[in-house]
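Trainee: below: sequence and its predicted model.
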Amino acid sequence: MPLHLHNFQIMSSTINSNESIPSSNKKVIVLGSGPNRIGQGIEFDYCCVHGLLAIKECGYEAIMVNCNPETVSTDFDMADKLYFEPVYWEHLWEIIELEKPIGVIVQLGGQTALKLAKRLHENGIKIIGTSFDSMDIAEDRGRFSDLLKELSIPYPEYGTAYTADEAIEVANQVGYPVLVRPSYVLGGQRMRIVINDEEVEKAVISLLKHIPDNKILIDHFLDRCQEAEIDAIFDGENFHVMGIMEHIEPAGIHSGDSNAVLPAFNLTPLVITTMEYYSEKIARALNIKGLINIQFAIKNDKVFVIEANPRASRTTPFIAKAYGIPYLSIATKIMLEANKLTDFEMVNKLDGYAIKEPVFSFDKFPGVNKELGPEMKSTGEAIRFIKDLRDPYFRTLYKERSMNLSR
């Protein structure tokens, strides 16, 4: 037998074999966030790890699907079974056909995992937690703005377009400056703040070149205002605010690139109450089961909702660590309907403040534009605890913010 034919037969035999033997246990699949990249990184590994532990505590077999060797969620002893595969539909579908899980959790792996919700829904696979339609309303900028209108919640004026000419027409209707953005994007990809027709045309052409056939949303940009966000859990009945963070940078800087202070330090009680009220209203309207992140712009003490993310956000681990509360474990048990929020004791106490610091890697990419805007450029985040607002580090950051707002 020729050597090359013998080698082919060995390879063919290996390809046709399957070392994964499914058990008869009830299984839950957790989708990870894939490789680290700008716009989505290691923060979601924390979410997946605590999700896996909670799944095991609830008596299910925990199956992890991810392809990043730098994460704890892909350690060999973390999940009951690990599939070290790309987080793409073709790979996921083969795993589902073999394992036959009771459902898949997409809320813990960031935008990469969330994007697979549509394919799961179309193929009749149970999405554990929030339904696909609710996720789609939150992710589709047009549908979400329509929901806010129904709920009488203020939001920036907007319009949708599919061509550059339509976008220019919408921009003139809502008024410059405008934020040009696509739906279903990672880390604010291709979002641009523009101030005239020429810039709108250039932004839309670039967007459609890289993301063809995407519906474009044109928002009126609220210039020189404060930005804040809320991370929360909803179980269908009860609503719990995990944390309220106030951004130090003004609106227009992606939330992943902003320094954020927990708890809010300069928002009035009325503004905070309004944010909480709007958040619960949105969570109930979307029938959220698990996690939600909502971002706000505050101008002249009026609260506007910018967007909602029906999943774990980058700041969820930050809040859990700052307050010392296992929020990801709690949220996962809510998704699995194993518990209600009333089963847990959650008191947000912090001696001072925690600041979320973005981490940039501009030294690794010397040719990259370092100017911050609506498209995310940070590659991670750190946490800094301060005792009070007289801390020199905070005072320096706040002074820079005041200068930016006055420009």
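Mentor: That came in fine, so what should we check first? Since the structure is predicted, the reported quantities are computational estimates derived from the model, not experimental observations. Numbers count the residues shown, from 1 in each chain.
Trainee: buried residues in stretch 100-109?
Mentor: Going by neighbour count (16 or more other C-beta atoms under 10 Å), the buried part of stretch 100-109 is 101, 103-109. Glycine gets a C-beta too; all of them are placed from N, C-alpha and C.
Trainee: same deal with stretch 377-387?
Mentor: 377-381, 386.
Trainee: do the same with stretch 66-82
Mentor: 66-68, 71, 73-74, 78-82.
Trainee: ok so, going back, of the buried residues of stretch 377-387, just say which sits nearest to Pro212.
Mentor: For the buried residues of stretch 377-387, the closest approach to Pro212 (C-beta to C-beta) belongs to Lys377, at 24.2 Å.
Trainee: still on that earlier bit, between the buried residues of stretch 377-387, which sits nearest Pro263?
Mentor: Nearest member of the buried residues of stretch 377-387 to Pro263, counting by C-beta to C-beta, is Ile386, at 12.3 Å.
Trainee: tell me the bridge partners for that closest one.
Mentor: Note on Ile386: beta-bridge partners by DSSP bridges are Tyr353.
Trainee: which residues touch it?
Mentor: Taking C-beta atoms under 8 Å, 6 or more residues apart in numbering, we find Ile386 in contact with 352-355, 393-394.
Trainee: per-domain residue ranges of this protein.
Mentor: Residue ranges for the domains of the chain, per automatic domain parsing: 22-128, 157-220, 226-406.
Trainee: can you tell me the helix or strand for Ala232?
Mentor: Assigned by DSSP states H and E, Ala232 belongs to strand 226-234.
Trainee: rewinding a little: now render the buried residues of stretch 377-387 as a markdown table, adding distance to Glu199.
Mentor: Shown next, in a markdown table, are the buried residues of stretch 377-387 (distance: C-beta to C-beta, whole Å):
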| residue | distance to Glu199 |
| --- | --- |
| Lys377 | 20 |
| Ser378 | 25 |
| Thr379 | 28 |
| Gly380 | 31 |
| Glu381 | 30 |
| Ile386 | 39 |
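Trainee: among the buried residues of stretch 66-82, which are located in strands?
Mentor: Members of those lying in strands (criterion: DSSP state E): 66, 81-82.
Trainee: low-confidence stretches in the stretch 101-250 of the chain?
Mentor: Scanning the stretch 101-250 of the chain for pLDDT under 70 picks out 183-190.
Trainee: switch to 80 and redo it
Mentor: Low-confidence segments of the stretch 101-250 of the chain, defined by pLDDT under 80: 141-142, 182-191, 210-215, 223-224.
Trainee: and the strands in it?
Mentor: Applying DSSP state E, counting those that start in this stretch to the stretch 101-250 of the chain gives strands spanning 103-105, 158-161, 178-182, 192-194, 216-220, 226-234, 239-247.
Trainee: export the buried residues of stretch 66-82 to JSON lines and tack on distance to Ser361 and pLDDT?
Mentor: Formatted as JSON lines, these follow (distance: C-beta to C-beta, whole Å; pLDDT from 0 to 100):
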{"residue": "Asn66", "distance to Ser361": "22", "pLDDT": "93"}
{"residue": "Cys67", "distance to Ser361": "21", "pLDDT": "89"}
{"residue": "Asn68", "distance to Ser361": "17", "pLDDT": "84"}
{"residue": "Thr71", "distance to Ser361": "18", "pLDDT": "86"}
{"residue": "Ser73", "distance to Ser361": "22", "pLDDT": "88"}
{"residue": "Thr74", "distance to Ser361": "22", "pLDDT": "90"}
{"residue": "Met78", "distance to Ser361": "27", "pLDDT": "92"}
{"residue": "Ala79", "distance to Ser361": "29", "pLDDT": "95"}
{"residue": "Asp80", "distance to Ser361": "35", "pLDDT": "96"}
{"residue": "Lys81", "distance to Ser361": "33", "pLDDT": "96"}
{"residue": "Leu82", "distance to Ser361": "28", "pLDDT": "94"}
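Trainee: can I get those in a markdown table with distance to Leu116?
Mentor: Below are the buried residues of stretch 66-82 laid out as a markdown table (distance: C-beta to C-beta, whole Å):
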| residue | distance to Leu116 |
| --- | --- |
| Asn66 | 12 |
| Cys67 | 14 |
| Asn68 | 16 |
| Thr71 | 18 |
| Ser73 | 16 |
| Thr74 | 18 |
| Met78 | 21 |
| Ala79 | 18 |
| Asp80 | 21 |
| Lys81 | 19 |
| Leu82 | 18 |
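Trainee: looking at those residues, which is nearest Gly32?
Mentor: Distance ranking of the buried residues of stretch 66-82 against Gly32, using C-beta to C-beta, places Asn66 first at 2.8 Å.
Trainee: the closest one contacts Gly32, correct?
Mentor: Yes. Contact criterion C-beta atoms under 8 Å: Asn66 and Gly32 qualify, at 2.8 Å.
Trainee: return every residue with contacts to both of those two.
Mentor: With C-beta under 8 Å, 6+ apart, Asn66 and Gly32 have common neighbours 48, 73-74, 87, 109.
Trainee: among the buried residues of stretch 377-387, which are located in strands?
Mentor: Those of these mapping onto strands are 380-381, 386, per DSSP E.
Trainee: which one of the residues you listed sits closest to Phe365?
Mentor: Once C-beta to C-beta is applied, the member of those that ends up nearest Phe365 is Gly380, at 14.1 Å.
Trainee: from Pro310, how far off is the closest one?
Mentor: Between Gly380 and Pro310 the computed distance is 23 Å (C-beta to C-beta, to the nearest Å).
Trainee: before we move on, the earlier item: which among the domains of the chain is found nearest to Gly142?
Mentor: Each of the domains of the chain has some distance to Gly142 by C-beta to C-beta; the shortest is domain 157-220, at 4.8 Å.
Trainee: give me the phi and psi angles of the closest residue to Glu43 other than its chain neighbours.
Mentor: Nearest residue to Glu43, sequence neighbours excluded (C-beta to C-beta, 6 or more residues apart in numbering): Arg314, at 4.6 Å. Backbone torsions of Arg314, given as degrees, to the nearest 10, read phi -60, psi -30.
Trainee: can you check Ala285 too?
Mentor: Dihedral angles of Ala285 (phi, psi; degrees, to the nearest 10) stand at phi -70, psi -40.
Trainee: what number of residues lie near it?
Mentor: Ala285 has 16 neighbours, counted by other C-beta atoms under 10 Å.
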